[in-house]
Each structure stands twice: as C-alpha cells, then as structure tokens.
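# got a predicted structure here, sequence first:
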Protein chains: 2
Amino acid sequence: MRSGVVRGEMIFPFLGGVDVLHVIQNGPAGVAETGVPLAEVRLVAPLRPASVRDFVAFEEHVEGVRRSVDGSAGVPEAWYDAPTFYFTNPHAIYGPGDDIPFPAASVARDFELEVAAIAGPGGTVFGYTIFNDFSARDLQSREMKVGLGPAKGKDFASSLGPWIVTADELEPYQKDGFLDLWCSASVNGVEVGRDLLSNMGWTFETMLAYAARDSVVRPGDVLGSGTVGNGGCLAELWGRTGSLTPPPLRDGDEVTLTVEGIGSLTNRIISGPDGGALPPVRRRDAAKARAERQ
Amino acid sequence: MRSGVVRGEMIFPFLGGVDVLHVIQNGPAGVAETGVPLAEVRLVAPLRPASVRDFVAFEEHVEGVRRSVDGSAGVPEAWYDAPTFYFTNPHAIYGPGDDIPFPAASVARDFELEVAAIAGPGGTVFGYTIFNDFSARDLQSREMKVGLGPAKGKDFASSLGPWIVTADELEPYQKDGFLDLWCSASVNGVEVGRDLLSNMGWTFETMLAYAARDSVVRPGDVLGSGTVGNGGCLAELWGRTGSLTPPPLRDGDEVTLTVEGIGSLTNRIISGPDGGALPPVRRRDAAKARAERQ
C-alpha cells in the first residue's frame, strides 16, 4: 500500500515510503516524477485515524432524526449551547468501493452524509474528506435509551474518502468561515438528500477548538461535521414523513455521497455474520450485597 | 521510558526495548536479570490504548448516578438488555501520581472507580488494571441533554495503573466467571466507597464479545467495567442523598482507588487553564435554505 498526491487523473507516490499521517504531522513531502493513472489504482481510506469524534452540527438533521431515533421532538436547548459530539470507533474504517457489513439483525440500516475535517498540528485543519457514518437505527435507538449515546448502532463501519483535499484548496468556497459546498447523497443512483455544508451551526475551526479545550486532539484525528440536513440520512426523512420512506438500506444497495470540491464516495451494503446470543445480565441481589458489606 | 515486569518490590525491564503493547500482541518477552527497586522508579500509565470503551455494568451505580446527572430515576429497562458502553478519548491518559487538570469552570468534579480489562489477541482478556474515569458532572449533565452521551464531561482525563495484572494471576478470585475483588475509593485518606467487582451485571468476557460483535477490538484496547456501586463515585451518593455530600473534588484533593489483587492508583486534582468563550451557534435560516435549494 502506498500514499501519494492526486493531480488531475494521476497519482504521484510520495518518495521514501512517506504516508499520509507523516505529511499531516510534518508538512509536504516529495513525490515521484512519474505518476500512476487514478483509473489503475484501488483507493483505500486516506487515513487510519487515531480517534474519531463525530459532531452533530446541523440543526435540521437533529430536528428530523430525533423524531425517528429518540422518539422525541424538536431541538433540545442544550444543542445551541456548544457543538455536541461523541467519540466513535477508530478501528472500523472503510474506504471507497468497500462493501459495508451491517449487523445481520439490523433492519433499519442507514447512511449519514458528512464531511470530516482532519486535524493538523497546532489546532489547524489539515484538510477535508467525505465521511459516511453508517448507522443501524434499530440498535442505536434501543441503546440510546440508557442515555450514554450510540455505540453498537454505529461502531461496525464508517467510510472515509476518496482522498483528503487540503484546507488551502477549499479556500475559494469559504464564506464567513463556513465552507459553501453542495453535498448530496444517492441510493442506487437516485438522489435522496442535498444540503449546503455552510448550514452547519459552527465552523470546523470552532468545533476543533472545542474538542481540544481541556483535552487533546492529535494531528490525524478525524472530526465529523455531523449529518447534513434535507435528507443527509434516511432517519431524518423517516422522522419528517412518519413512515419508512425511502426504505432502509438493503443488501446490495449502493450509497454514493458527493461533495463539491472533494469528490464522491461509494459503498455497497452487505450483511455481516450473525452475532449470536449473549449470556443474560446477572441481576443484583441487593440484600446479599448489603450482607457482604457488613 | 522503559517497560518491564514487577516481581515483589522490584521491576525487571524487558530486553531489547520491548514495550507493553508488544507483549500484549505477541506474548511474554525476556527480562533483564537485574531488577530496579520499585521505590526508585516513577511509574507512568501502563499502556497508551488505541481506544477506550467504557461500560456501565453496575446496576447500583446506574440507579444512583441517573438521579444526580440525568435528573431521571430508576434503571432504564434497556440497561438489562445488553452491556451498554460508550467510546471515550484515548489521548488524555494519565498514570499513577499524575496531577489531573479538571476544566477550570467545572465545580462538580468527580472520580469513577473502575477496573479496566486490557484486550489480548483473539478475543481474550490479557489483564486488568485500575481505571479512574474523571468526570466533570456539570459539563456532562448539560451535554447529555442532547442525547449523544458524555464527551467534554469526560474527555479531559482518565488514569490507568499502577500496572497490568495478567488474567492468570487473578484466576484465584474467579467465581462463576466474575472477579470477586474488593474495590474501594478514598478522598484525602477517607474512604467514600467500597464494592465487590463481582457485582457487575456481565463478565468482562461477555462485554468484550459484545464490543467485538460486528466490529473490531484490537489487542491493547481498554474496556472499563463501569463505576462500581456503593460509592464508586460521588455522583451516585449525591443522587441517593439529594445533596452534594461528600462535596465535589477540589484543587489539591487526593483520590486513591484500591483494588484487591491489583494495587492502588492515586491522583491529585488541579485546575486546567480557563478555556475561554466559543463563537456562538449560527442559527439556521430555514427560508434562506429553501430558497437556495430551488
């Protein structure tokens, strides 16, 4: 596996086996004079992030998705106070063209159209890529009742790609600190969602500063924008229409996310192996516990 | 910094610069014939985990803490269905004796007494260490209103230590798959909590299998047990008594967690630098958004 720089329809490999994380940490590296046609290369995820924070920066998404996943309505006041995020699994990262194995038992399969900022050194944004935060809404909805957020509903797969566009390349799209990029999602070639990235409630720089406050963000960490509004995921539409329309993703469905200035990321849905049953909870015997503490 | 094996009051360094992650991944390594007295060594966290999952496996903790952090009562039915966990920050790991910088603005500072299992290869538990999941309850309580779990309330610090005890060494404490170890917590030398680790609702093996289902757990990943009951954190006691008794942690307070068969982990509370204000949210202009989409 090699890393390099895309120019037009060619990729130019970094010299000396340098990888993307090294460039993020240390700045530009030399590339080979001779490129390889993009069409002859199999792309993988542009980065193995050390951590993934996923924000929820789009008001319209929160409004719709809460109705179908939480069973609640409206946007909670706390959402406006600060850019909410949760940590998700950094070990299940997929790339362009990869099949995405959903938990076999899940029937409420969904995608999430996001843009991810890649943290650079010293609180900067190194660049951006497309981020699909695949979600098993039935698992997620159940586990969120405990109040600690999503885990198994999202830890099976996220995809990143097709490449990282450095922050300077997107300067022309900056408007008041927001990136004015059209983002769209399609399932089997039919568009189901379209929104402007600039409809975020906070800029990536603000979210990065918030993540780093009292804490540590490392170069190469991924910060998801949160799902865009107006159909950035199916659950938002389910919440608005009160029905499962469009239907949940099924085996064989192809999801393509496209972001102006970045590119397209396509993945196909499959089912993973059956997880089997877990041993049941051992309920607490309060009387026994008290006796032991005597 | 070097890694090694503790025997009695001595540490024997691994040969060839081998570190703990290497041993977790590849099995036992040779150690030097000559040891160093433990008393002459400054211990750091025994591991830099690639990811940290924190479970909530103690029913008694859930019952108490929900009252003070969530403002709700009782244990949600979904808690009994499967071992709930969330991902937390792998980049803010502290070790024995380290000062723990809390967010300066937080006045509801708390510890959490947990045991962490360290994942080995192939779905096994390599060993155990003590885990203090420091929590800013005021920040946590506010952000959890959005429904995505804790983030800034916990991402500033976790401590691990004083060392990893391998799973075979704790075999004598096994009872029906649970580890029958007394765990206690003290603040400035006064005990505030004490519980048996075997009061978990699920075994570590079940929680590990659940984490790995449809997903990836890497050797060296940390899985926290969740906070023990009966005073495993202050918030549980606040929930039960309806008052801030014992009081939240303050600068200079020393928290010591002790687990039978493992050891003790002490940290002192300090305040981090003031985080400053963030730019406010940019509220969505729904009419403008609709017009743009025409």
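That came through, no problem.

# ok, residue A:267 - how many residues close by?
For residue A:267, the tally of surrounding residues (other C-beta atoms under 10 Å in any protein chain shown) stands at 23. Every C-beta, even on glycine, is put in place using the N, C-alpha and C of the backbone.

# who's in contact with it?
Residue A:267 makes contact with A:94, A:96-100, A:132, A:134, A:159, A:254-255 under the criterion C-beta atoms under 8 Å, 6 or more residues apart in numbering or on different chains.

# put the buried members of the residues you listed into a PyMOL selection.
Applied in PyMOL, the following selects the buried portion of the contacts of residue A:267 according to 16 or more other C-beta atoms under 10 Å in any protein chain shown:
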select buried, chain A and resi 94+96+98+100+132+134+159+255
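
# can you add distance to residue A:31 and give the contacts of residue A:267 back as a markdown table?
Written out in a markdown table, the entries for the contacts of residue A:267 read as follows (distance: C-beta to C-beta, whole Å):
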| residue | distance to residue A:31 |
| --- | --- |
| A:94 | 26 |
| A:96 | 21 |
| A:97 | 24 |
| A:98 | 26 |
| A:99 | 31 |
| A:100 | 31 |
| A:132 | 28 |
| A:134 | 33 |
| A:159 | 26 |
| A:254 | 32 |
| A:255 | 32 |
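
# can you flag which of the contacts of residue A:267 belong to strands?
Using DSSP state E, the members of the contacts of residue A:267 that fall in strands are A:94, A:99-100, A:132, A:159, A:254-255.

# if we can go back for a sec, and which of the contacts of residue A:267 is nearest to residue B:50?
For those, the minimum distance to residue B:50 (C-beta to C-beta) is 17.6 Å, reached by residue A:94.

# give me the beta-bridge partners of the closest one?
Per DSSP bridges, residues listed as beta-bridge partners of residue A:94: residue A:159.

# per-residue pLDDT, whichever residue of the stretch 51-200 of chain A sits closest to chain B?
When distances are taken as C-beta to the nearest C-beta, the stretch 51-200 of chain A reaches nearest to chain B at residue A:149, 2.5 Å away. In this model, residue A:149 is scored at 95, pLDDT.

# tell me which two in the ones in strands among the contacts of residue A:267 are the farthest apart.
Pairwise distances across those (C-beta to C-beta) peak at 13.7 Å, for the pair A:94 and A:254.

# show me the contacts for the closest residue to residue A:48 other than its chain neighbours.
Closest residue to residue A:48 apart from its sequence neighbours, by C-beta to C-beta, 6 or more residues apart in numbering or on different chains: residue A:93 at 6.2 Å. Taking C-beta under 8 Å, 6+ apart as the criterion, residue A:93 is in contact with A:45, A:47-49, A:52, A:158-160.

# same check, this time on residue A:149
For residue A:149, the residues meeting the contact criterion (C-beta under 8 Å, 6+ apart) are A:86, B:86, B:147-150.

# give me the number of residues near residue A:74?
Every residue meeting other C-beta under 10 Å relative to residue A:74 is counted, giving 10.

# what's the answer for residue A:22, then?
Residue A:22 has 16 neighbouring residues, counting by other C-beta under 10 Å.

# swap in the one 3 residues further on?
The local packing of residue A:25 (other C-beta under 10 Å) involves 13 other residues.
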